[in-house]
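Participant: just a sequence and a predicted model for now, questions to come.
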Amino acid sequence: MNMSLEFKLTHTDPHSKARRGQMKTDHGVIETPIFMPVGTIGTVKGIHQKELIEEVKAEIILGNTYHLYLRPKTEILEEVGGLHKFMNWNKPILTDSGGYQVYSLAHKRKISEEGVTFASHIDGSKHFFSPESAMDIQRSIGADIIMAFDECTPYPCDYGYAKNSLAMTHRWLKRCCDHVDATEPKYGHHQSLFPIVQGSTFKDLRIESAEKIASFEREGNAIGGLSVGEPDDEMYAMTEVVCDILPKDKPRYLMGVGTPANLLENIALGVDMFDCVLPTRNARHGLIYTWEGIINIKNKKWEHDFSSLDPHGTSTIDSFYSRAYVRHLFACKELLGPQITSIHNLAFYLELMRQVRLHIEAGDFRKWKDQVVPKLLTRL
């Protein structure tokens with residue numbers, strides 16, 4: 001097995017389980033902890049790649065296997081030489097395997113031991129994903145980090161269903177690993193397979209799953225099924241259980257999480273990587289995250305506020321536009337409004353990660369985190 005993703009821990013926080021590290025891929029170095037903007041269909045919605053680099057300062061983005069398979073289709077991606085070339089993005093990319101879409105399209109899919117038959121949300125056409133085909137599609141997409149095909153269970157979930165689902169996810173993982181190890185990347189760069197811990201909010205199943213996927217000794221590991229509606233305290237409890245088992249010398253990726261406060265609390269438990277649609281989805285509805293709290297820019301209270309979006313923000317977009325102006329754009333349903341707030345929120349998330357890394361290096365992350373979280377939760 002060709003193992004070329006390098007992960008090096010550089011600092012640990014003395015008062016929590018937070019870690020500072022560096023991950024090297026063929027498309028560049030990723031500083032951890034890191035947040036990955038979600039580019040589901042080959043675009044981070046409403047944001048130019050130039051802005052992702054210069055304003056957001058993204059180090060890695062996420063694409064989705066299910067969506068890219070349906071549009072533009074793997075044949076197009078193979079023709080151009082992969083997603084990196086298709087979207088003109090020269091930094092690392094991670095792809096979800098489509099397992100979450102299997103969960104979210106419950107009324108349009110049928111699960112069997114072989115895989116999942118599903119109906120396209122676009123035109124209703126029938127398709128089939130197996131662990132092997134999910135690996136082939138991700139080979140064609142060309143992501144640097146590819147995810148194992150799994151079943152994400154709903155919340156709440158019956159214990160019996162969660163246990164049976166977990167066993168199948170582990171069997172699927174073996175098939176994913178065997179297929180990846182028997183095939184080669186298509187575009188000359190290495191692709192690392194991350195297994196996914198499942199088990200709903202049942203501690204014994206999470207322990208079983210973490211131990212099982214750790215035994216596969218892949219280059220990194222992911223934690224799934226903890227952004228499906230469970231309370232935050234259950235998310236944190238399961239994350240801590242899993243992080244205490246997963247190998248310390250490999251990156252840990254918590255999938256689909258979450259708010260700025262969620263990120264900080266999970267970093268304190270030992271997580272290295274995150275993705276979530278929240279910063280951009282909420283931005284399109286006028287919700288922006290700042291160092292002082294959360295703003296609904298559509299509220300009338302900002303109509304005469306000519307201060308910057310975030311006086312403590314570091315992105316140029318924070319000082320370039322006033323709250324009153326952005327509120328005006330939303331009131332007029334002008335497309336520039338959601339674009340500005342999307343860039344702002346992602347830039348805020350990435351700056352939050354930079355501050356996290358600095359405080360882990362300084363050894364005062366826990367104290368800083370406890371001071372910052374209450375502000376991040378405040379509605380202004």
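Facilitator: Received, thanks.
Participant: what residue lies at the spatial centre of this structure?
Facilitator: Residue closest to the mean C-alpha point of the chain, counted by C-alpha atoms, centre = their mean, is Asp275 at 1.8 Å.
Participant: ok, and the closest non-adjacent residue to it?
Facilitator: Among residues not flanking Asp275 along the chain, Met36 sits closest, at 4.2 Å (C-beta to C-beta, 6 or more residues apart in numbering). Where C-beta positions appear, they are placed from N, C-alpha and C, glycine not excepted.
Participant: for Glu151, same thing?
Facilitator: In space, not counting the residues next to it along the chain, Glu151 is nearest to Ser165; the distance is 4.9 Å by C-beta to C-beta, 6+ apart.
Participant: tell me where the model's unsure across the stretch 101-250 of the chain.
Facilitator: Residues of the stretch 101-250 of the chain that meet the criterion pLDDT under 70 lie in 101-107.
Participant: let's see that with 90 instead.
Facilitator: For the stretch 101-250 of the chain, the stretches with pLDDT under 90 are 101-111, 117-122, 124-125, 151-154, 227-229.
Participant: check whether the residue nearest to Asp275 really touches Gly63, as I assumed.
Facilitator: No - proximity of Met36 to Gly63 does not meet the contact threshold set by C-beta atoms under 8 Å, at 10.1 Å.
Participant: mutual contacts of the two, please.
Facilitator: Counting by C-beta atoms under 8 Å, 6 or more residues apart in numbering, the common neighbours of Met36 and Gly63 are Leu94.
Participant: I'd like to know how far the residue nearest to Asp275 sits from Ser315.
Facilitator: 18 Å (C-beta to C-beta, to the nearest Å).
Participant: next one: Pro279
Facilitator: As judged by C-beta to C-beta, Pro279 and Ser315 stand 13 Å apart.
Participant: what about the residue nearest to Asp275, how many residues nearby?
Facilitator: Per other C-beta atoms under 10 Å, the neighbour tally for Met36 reads 23.
Participant: can you give me the buried ones in stretch 237-244?
Facilitator: Ala237, Met238, Thr239, Glu240, Val241, Val242, Cys243 (16 or more other C-beta atoms under 10 Å).
Participant: could you do stretch 116-124 as well?
Facilitator: By 16+ other C-beta under 10 Å, the buried positions in stretch 116-124 come out as Val116, Phe118.
Participant: the closest residue to Val271 other than its chain neighbours pairs with what?
Facilitator: Distances taken as C-beta to C-beta, 6+ apart place Leu254 nearest to Val271, at 4.6 Å, with adjacent residues excluded. Beta bridges link Leu254 to Ile223, Phe274, judged by DSSP bridges.
Participant: I figured Leu254 hits Met273, correct?
Facilitator: Yes - in this structure Leu254 lies within contact range of Met273 using C-beta under 8 Å: 7.1 Å.
Participant: tell me where the stretch 151-300 of the chain has helices.
Facilitator: Ranges of helices in the stretch 151-300 of the chain, per DSSP state H, counting those that start in this stretch, are 159-182, 203-214, 232-243, 260-267, 278-284.
Participant: how about JSON lines for those, with distance to Lys375 added?
Facilitator: Below are the helices of the stretch 151-300 of the chain laid out as JSON lines (distance: least, C-beta to C-beta, whole Å):
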{"stretch": "helix 159-182", "distance to Lys375": "36"}
{"stretch": "helix 203-214", "distance to Lys375": "31"}
{"stretch": "helix 232-243", "distance to Lys375": "17"}
{"stretch": "helix 260-267", "distance to Lys375": "9"}
{"stretch": "helix 278-284", "distance to Lys375": "17"}
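Participant: out of those helices, which one sits most buried?
Facilitator: Of all the helices of the stretch 151-300 of the chain, helix 260-267 has the most neighbours on average by mean count of other C-beta atoms under 10 Å, namely a mean of 23.
Participant: between Leu254 and Met273, which is the more surrounded one?
Facilitator: More crowded of Leu254 and Met273, by other C-beta under 10 Å: Leu254, with 29 against 26.
Participant: how far away is that one from Val44?
Facilitator: As judged by C-beta to C-beta, Leu254 and Val44 stand 19 Å apart.
Participant: next: Met238.
Facilitator: To Val44, Met238 is 28 Å away according to C-beta to C-beta.
Participant: over to Ile34?
Facilitator: Applying C-beta to C-beta to Ile34 and Val44 gives a distance of 15 Å.
Participant: higher neighbour count, the two?
Facilitator: Each of Ile34 and Val44 has its neighbours counted (other C-beta under 10 Å); Val44 has more, 28 against 24.
Participant: phi, psi for the more buried one please.
Facilitator: Main-chain torsions, Val44, degrees, to the nearest 10: phi -80, psi 110.
Participant: nearest residue to it other than its sequence neighbours?
Facilitator: Distance criterion C-beta to C-beta, 6+ apart; nearest residue to Val44, sequence neighbours excluded, is Pro37 at 4.7 Å.
Participant: next one, pLDDT for Gly99 please.
Facilitator: On the pLDDT scale, Gly99 is placed at 71.
Participant: quick one: contacts for it?
Facilitator: Counting by C-beta under 8 Å, 6+ apart, Gly99 makes contact with Ala134, Met147, Ala148, Phe149, Asp150, Glu151, Cys152, Ile196, Gly224.
Participant: Ala214 against Leu246, yeah?
Facilitator: Yes - counting by C-beta under 8 Å, Leu246 is a contact partner of Ala214 at 5.8 Å.
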